[in-house]
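Undergrad: have a look; sequence and predicted model below, questions after that.
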Amino acid sequence: MCTWQYQDWLGKVAVRFSNFFFPKISNLYFRSKHKSSGNFLEKVDAQRKAKYPDRSKLLEKVTVLLGYDGIDDSIDNELCEKCNGGKDDFDVSLACKRFPSISLGFFPPVELYDEATCSSMDEGLLASQLYQQFLANSSEPKLVEPDSLYETWTSLCPGREDGNSSSLTEHMHSGSPTLKPKAGSNLEFHLDEPVSATTMLETQNTAAPMQDILDRSINCIPGLTKRQYSQLENCGFHTLRKLLYHYPRTYANLQNAEVSIDDGQYLIFVGKILSSRGIRAGYSFSFLEVVVACEVMQNGSTSECIVDETESRKLRTIHLHLKKFFRGTRFTYQPFLRSLESKHKEGDVVCVSGKVRTMRTKDHYEMREYTLDTLQDEEDSSTCGKETLYPIYPSKGGLKPNFLKDIISRGLLILPPNIDPIPEVIREDFKLICLRDAYTGIHQPKNLAEADSARRRLIFDEFFYLQLGRLYQMLEGLGTKLEKDGLLDKYRKPELNAVLVEDWSTLTKEFFKALPYSLTPSQLSSVSQIIWDLKRPVPMNRLLQGDVGCGKTIVAFLACMEVIGSGYQAAFMVPTELLAVQHYEHLLKLLENMENRQMAPSVVLLTGSTSSRQSNIIREGLKNGDISLVIGTHSLIADKVEFSSLRIAVIDEQHRFGVIQRGLFNSKLYFNPASLKLESAKSDDSSKGDNIMAPHVLAMSATPIPRTLALALYGDMSLTQITDLPPGRIPIETYIIEGNEDGIEIVYKMMLDELEAGGKVYLVYPVIEQSEQLPQLRAASADLKTISSRFAGYNCGLLHGKMKSDMKGEALRRFRSGETNILLSTQVIEIGVDVPDASMMVVMNAERFGIAQLHQLRGRVGRGDRKSKCILVASTPSSLNRLKVLEKSSDGFQLASMDLVLRGPGDLLGKKQSGHLPEFPIARLEIDGNILQEAHLAALKILGESHDLGSFPSLKAELSMRQPLSPLGD
Ligand SMILES: Nc1ncnc2c1ncn2[C@@H]1O[C@H](COP(=O)(O)OP(=O)(O)OP(=O)(O)O)[C@@H](O)[C@H]1O
């Protein structure tokens with residue numbers, strides 16, 4: 001920089017110095033009365049008049065004293081803060097304008113998910129106000145310099161590299177305040193009137209896509225101090241995206257007042273803190289009581305009443321007593337209590353939400369569970385907007401809701417309009433608002449309608465990227481365009497195609513004829529749909545779903561027969577050895593019934609307990625194609641197991657396998673073209689022409705969830721549902737009994753009655769052995785003696801996961817054959833165990849099991865034509881209620897979706913399948929099914945246009961930002 005440039009620069013710095021730092025230093029001095037500040041002030045004053053070069057040293061010193069890195073840092077920060085209105089100014093005046101009705105009063109909660117619509121508020125978004133304020137401030141002749149405005153501008157709009165004046169003018173609205181470039185310069189501007197935020201933001205985006213702004217560091221928010229930055233970072237707000245995902249948990253609708261306060265209602269109030277007291281109530285007991293005075297309307301008044309001041313007499317004052325209790329000596333110390341008290345200042349205007357309990361004194365209410373948000377100010381409360389929504393944020397990692405609210409509104413300001421990766425045509429088709437409006441709408445809605453469209457758009461995104469990701473992954477795994485189009489077509493037209501029984505393979509038809517019962521209509525159509533898929537050159541990925549005991553196994557066996565009948569191999573993987581043995585034995589029995597026994601394929605069992613000699617033989621048979629069907633456990637996915645021509649993989653109880661396990665299974669089972677030994681043995685030619693193809697996958701689940709939920713959970717799978725039960729099934733009677741002495745006696749009596757009537761009883765326990773930590777839990781092993789002596793004339797068996805495999809098989813065999821009448825077991829029998837004449841199930845400590853789990857357990861009985869009972873024994877009276885839902889409903893769909901809602905759907909794209917954290921931050925699977933369907937269609941539309949998303953680079957980028965995808969899900 002040459003000398004004159006440097007002096008010019010320093011001159012500008014000095015102007016800013018006068019305007020920013022001098023008042024700051026003065027404040028510092030007057031506030032602290034500190035001597036050193038006084039000295040500084042004197043020096044500063046002297047240096048204001050000094051020559052430019054002499055000032056630089058002091059400037060540097062002063063800026064460092066004020067907590068900046070240097071002059072540049074301070075200028076950037078100060079200007080940004082100015083353009084945000086400066087925190088102090090902004091907080092008071094803008095909050096009041098934004099929330100004109102922050103007045104004392106009582107208002108009901110408006111849930112984020114509420115679909116009600118209300119009239120809209122006048123123009124006046126926070127964003128434009130902030131800009132106007134910034135520009136108003138900036139219009140002081142001394143402050144605004146052409147390039148300082150430019151600097152400010154670029155710092156506000158990080159994506160913008162140069163001040164392109166033409167693009168700026170392009171977007172100016174007629175009649176809007178304008179910012180015009182001076183003639184002959186693309187850097188200098190003069191102000192006519194303030195420019196709206198939208199106009200400015202639009203202008204900085206015309207050149208490059210700004211989608212990546214969401215993934216920039218949180219540091220890109222103007223005016224963020226270092227401290228705020230590190231606080232946000234520490235709480236996980238690394239990027240703007242993460243910040244904007246911090247949605248309000250609800251909105252307080254401060255205008256929509258109700259008239260009565262009833263005991264037990266969840267309500268929202270706005271009021272003023274009267275007192276805050278930490279009280280020691282005993283040796284190790286204390287509590288905090290915050291009293292808030294609120295003015296609410298008299299019974300019979302309506303919300304319109306308060307618009308007219310003369311009607312204000314209809315208001316009455318109520319007192320809310322917010323109480324928090326603490327137990328423990330350390331909570332009774334005065335310093336602790338004082339610090340509690342000091343968190344709430346007398347006179348603060350607060351928004352309180354929670355459950356009210358009426359107190360003895362009239363108009364006094366107690367709230368023990370509450371949320372308290374301090375509002376910015378109550379000024380200007382007389383100006384009532386038509387409707388005002390006040391977003392209530394959850395706090396995070398110690399960051400206060402109001403702080404987050406402020407940072408989020410600053411973040412919204414720098415959002416350019418073109419951050420939306422979803423093409424306009426899709427937005428129009430599905431009536432979606434643009435992404436920036438969605439972020440603004442969810443954080444700063446003018447009315448409920450706006451919040452609702454914002455929410456709809458954000459939910460759409462959550463589902464859309466999930467669907468897009470999974471379908472994209474599937475397409476990537478396919479070779480030809482034809483296959484890819486075929487796959488998409490299949491998902492586009494969910495109406496199912498089926499193959500008539502006549503067109504099934506000969507083997508399938510023979511096996512079908514040998515069944516001891518006829519298939520239900522649902523089973524028959526499921527088989528036909530699956531076979532239609534099997535005949536296509538595209539690998540099937542289908543989920544067969546149905547309630548417990550509906551007969552899925554036989555459908556899967558028929559699918560295997562179809563493949564084997566075409567000269568290929570089938571693998572049937574189940575989660576437990578017990579189930580593998582059961583399926584194996586069941587299948588052998590069915591095959592024995594076949595008229596033409598020679599047609600029966602070779603079937604083997606491969607589990608962890610298979611001897612190594614036997615395993616070697618089986619592996620060899622699978623490799624050379626001698627074995628047509630293998631039933632087994634995880635052993636099937638071992639590296640060593642190779643197939644000659646695997647054409648279908650059945651995965652029973654698929655949710656029992658982790659994402660990676662399923663992926664491994666999938667990727668391992670590729671049809672090996674090198675080994676076409678069986679090609680000549682084909683009896684049908686339906687599959688000819690396919691060279692290398694992934695095997696068909698038929699996953700089975702006994703967790704019957706509604707179609708929409710299934711779509712979300714398994715978006716890349718076609719779905720077949722068995723909706724009926726085999727004929728002759730009698731509904732199971734369910735009883736919930738408290739496990740006290742009397743209760744247990746009743747249970748034993750019911751068991752005895754059942755045994756005397758010739759029934760068989762499962763007795764299920766939460767644990768195998770009694771534990772010292774949980775003495776209240778009854779244990780299977782420990783109870784064996786008690787039960788045996790109690791039911792002396794009957795034989796008891798024991799079955800649990802720690803037993804050796806053959807012992808388990810033997811225990812089940814004895815129970816099935818009737819050698820034992822009572823089987824004491826753990827939840828090991830939960831999946832798949834099929835003993836059709838078992839007629840009673842007793843579950844001890846039933847509250848230890850999930851709802852869906854209990855439904856599965858209950859499904860072990862009532863599988864034959866005998867009337868069955870299920871008794872759920874609850875340890876405590878309080879747990880009875882939760883179990884009652886099972887007493888009322890036997891609909892697996894309803895119970896499973898309830899369970900899903902309680903547990904959360906789990907991580908669908910990643911490895912995590914804990915099911916404890918809902919993966920959709922804002923969507924609710926149980927109510928947003930229609931949006932999910934639309935998202936599914938939109939994903940198909942996009943991929944139909946471009947299989948590899950080549951034509952949609954923004955979508956591809958967004959997909960990778962949201963979740964890195966890999967075929968194995970890791
Ligand atoms: N159409 C039918 N008519 C009569 N009985 C049938 C029919 N289909 C299946 N079954 C019998 O119903 C019982 C349950 O079938 P299966 O074990 O296949 O059920 P599932 O759907 O796999 O149940 P779970 O999810 O509990 O494992 C079996 O004993 C089976 O033989």
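TA: Structure received.

Undergrad: confirm for me that residue 762 is in contact with residue 837.
TA: No: assessed by CB atoms under 8 Å, residue 762 is found out of contact with residue 837, at 11.8 Å. No exception for glycine: its C-beta is placed from N, CA and C like everyone else's.

Undergrad: where does the prediction get shaky in the stretch 401-550 of the chain?
TA: Residue ranges of the stretch 401-550 of the chain with pLDDT under 70: 493-498.

Undergrad: all strands for it, in order.
TA: 541-546 (DSSP state E, counting those that start in this stretch).

Undergrad: which one of residue 762 and residue 837 is surrounded by more residues?
TA: Using other CB atoms under 10 Å as the criterion, residue 762 and residue 837 rank with residue 762 on top: 24 against 15.

Undergrad: give me the element the more buried one is part of.
TA: strand 760-764 (DSSP states H and E).

Undergrad: quick one: mean pLDDT for that strand?
TA: Throughout strand 760-764, pLDDT has a mean value of 94.

Undergrad: can you tell me what sits against whatever helix or strand comes next after it?
TA: Under the assignment DSSP H and E, the closest C-terminal helix or strand after strand 760-764 is helix 780-790. Under the contact criterion CB atoms under 8 Å, 6 or more residues apart in numbering, helix 780-790 has outside partners 748, 763, 765, 767-770, 796, 798-800, 822, 824-826, 844.

Undergrad: let's see 10 Å
TA: 748, 751-752, 761, 763-771, 778, 794-800, 802, 822-826, 828, 844 (CB atoms under 10 Å, 6 or more residues apart in numbering).

Undergrad: quick one on the thing from earlier: parallel or antiparallel, list what pairs with the strand holding residue 762.
TA: strand 822-825 (parallel), strand 838-843 (parallel) (DSSP bridges).

Undergrad: these two touch, right, residue 760 and residue 842?
TA: No: contact criterion CB atoms under 10 Å: residue 760 and residue 842 do not qualify, at 11.9 Å.

Undergrad: shared neighbours of those two, which are they?
TA: 754, 822.

Undergrad: buried set for stretch 504-515?
TA: 504-505, 507-512, 514 (16 or more other CB atoms under 10 Å).

Undergrad: between these, which sits nearest the ligand?
TA: residue 512 (11.5 Å; CB to the nearest ligand atom).

Undergrad: distance of the closest one from residue 500?
TA: 12 Å (CB to CB, to the nearest Å).

Undergrad: kindly report the residues of the stretch 551-700 of the chain close to the ligand.
TA: Residues of the stretch 551-700 of the chain lying close to the ligand (CB under 6 Å from any ligand atom) are 551-554.

Undergrad: what's the longest strand in the chain?
TA: Scanning the chain for the strand with the most residues, using DSSP state E, yields strand 266-282.

Undergrad: which ones are touching residue 366?
TA: Applying CB under 10 Å, 6+ apart, the residues near residue 366 are 289, 319-323, 354-359.

Undergrad: for the residues you listed, pick the one with the most neighbours.
TA: Top of those by neighbour number is residue 320, holding 29 neighbours under the definition other CB under 10 Å.

Undergrad: mind naming the longest helix for the chain?
TA: helix 448-476 (DSSP state H).

Undergrad: residues in contact with the nearest residue to residue 727 once chain neighbours are set aside?
TA: Using CB to CB, 6 or more residues apart in numbering and skipping the chain neighbours, the partner closest in space to residue 727 is residue 520 (7.1 Å). Residue 520 is in contact with 526, 550-551, 554-555, 722-727, counting by CB under 10 Å, 6+ apart.

Undergrad: now residue 884
TA: Neighbours of residue 884 in contact, by CB under 10 Å, 6+ apart: 734, 736, 872, 874.

Undergrad: and the residues you listed as JSON lines, adding pLDDT and distance to residue 422?
TA: Below are the contacts of residue 884 laid out as JSON lines (pLDDT from 0 to 100; distance: CB to CB, whole Å):
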{"residue": "734", "pLDDT": "92", "distance to residue 422": "47"}
{"residue": "736", "pLDDT": "92", "distance to residue 422": "49"}
{"residue": "872", "pLDDT": "93", "distance to residue 422": "48"}
{"residue": "874", "pLDDT": "90", "distance to residue 422": "49"}
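
Undergrad: by neighbours, which of those wins?
TA: residue 872 (28 neighbours).

Undergrad: before we move on, back to that, so among the contacts of residue 520, where is pLDDT lowest?
TA: Among the contacts of residue 520, residue 723 has the lowest pLDDT, at 83.

Undergrad: and the helices in the stretch 801-950 of the chain?
TA: Using DSSP state H, counting those that start in this stretch, the helices of the stretch 801-950 of the chain run over 805-817, 851-858, 880-888, 892-903, 929-945.

Undergrad: most tightly surrounded among those?
TA: Across the helices of the stretch 801-950 of the chain, the average number of neighbours (mean count of other CB atoms under 10 Å) peaks for helix 851-858, which reaches a mean of 24.

Undergrad: name the helices or strands packed onto that helix?
TA: Helix 851-858 is packed against strand 733-738, strand 760-764, strand 838-843, strand 869-874, helix 880-888, helix 892-903, with contacts defined by 3 or more CB pairs under 10 Å, 6 or more residues apart in numbering; DSSP states H and E.
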